[in-house]
Every structure is written in structure tokens, then in C-alpha cells.
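[1] Okay, here's the prediction I keep looking at, along with the sequence it came from:
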Amino acid sequence: MRGQVTVTVTVAQGGFDQSSLTICEVLTMASGRDWVGEWVADDLSDRTFNLENPPDELQLRITAVMQQHKIAPEEIEGN
């Protein structure tokens with residue numbers, strides 16, 4: 001860890017795809033890949049908290065994004 005913590009919050013009315021955006025951002029940071037057109041630092045450890053969707057739905061959506069972008073579970077393990 002670099003000794004610093006950054007907290008980001010995405011807030012909007014339901015149905016505006018905040019969860020989809022957050023899933024993409026978290027997987028981009030965890031994998032270290034630049035697949036959404038953003039610069040990504042190496043070795044980022046991230047956490048996401050979603051208070052809107054049930055955990056089983058989130059897991060399905062995360063799995064779908066990983067399959068779509070060919071992100072292997074090993075790439076994000078530990079991050």
C-alpha cells in the first residue's frame with residue numbers, strides 16, 4: 001500500500017447505472033488494465049460498497065463484465 005487512501009462516492013437516483021460504472025471502475029483498478037480509456041496505476045487495492053443491489057445480482061454483473069473483457073480471476077486476486 002502506498003500509505004494513502006482515497007474514497008470516492010457515486011450518487012444518483014436509482015436506474016442511472018451507478019452500479020455499472022462502479023463495477024467497471026473497480027475492475028479496471030483491480031486488473032491494472034486500461035480498458036475503459038483511463039490511465040490506471042499499478043498495484044491498486046480497492047473495495048466497493050453497494051447499498052442498492054443484492055449481493056447475488058452484483059456477483060452476476062461482475063462476472064459478466066469480467067467475461068466480456070476477458071479478465072481472469074487471477075488478474076484481480078488480492079486487489
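    Arrived safely.
[2] gap between the two ends of stretch 12-20?
    13 Å (CA to CA, to the nearest Å).
[3] Likewise for stretch 44-63?
    End-to-end span of stretch 44-63 (CA to CA): 20 Å.
[4] Pull the residues that contact it.
    Defining contact as CB atoms under 8 Å, 6 or more residues apart in numbering, one finds that stretch 44-63 is touched by 1, 14, 18-20, 22-23, 26-27, 29-30, 32, 78-79. For the C-beta atoms, the positions are set from N, CA and C on the backbone; glycine is no exception.
[5] cool, stretch 70-79 as well?
    Everything outside stretch 70-79 that qualifies as a contact, by CB under 8 Å, 6+ apart, is 27, 29-33, 43-46, 65-66.
[6] List only buried entries from the residues you listed.
    The neighbour count (16 or more other CB atoms under 10 Å) marks 27, 29-31, 44, 65-66 as buried among these.
[7] Distance from the helix or strand of the chain with the lowest mean pLDDT to the middle of the chain?
    Across the helices and strands of the chain, mean confidence by mean pLDDT, DSSP states H and E is lowest for helix 18-31: a mean of 87. Put simply, helix 18-31 sits 2 Å off its chain's centre (CA atoms, centre = their mean, to the nearest Å).
[8] sorry, back to before: of all pairs in the contacts of stretch 70-79, which one spans the longest distance?
    Greatest spacing in the contacts of stretch 70-79, by CB to CB: D43 and V65 (21.0 Å).
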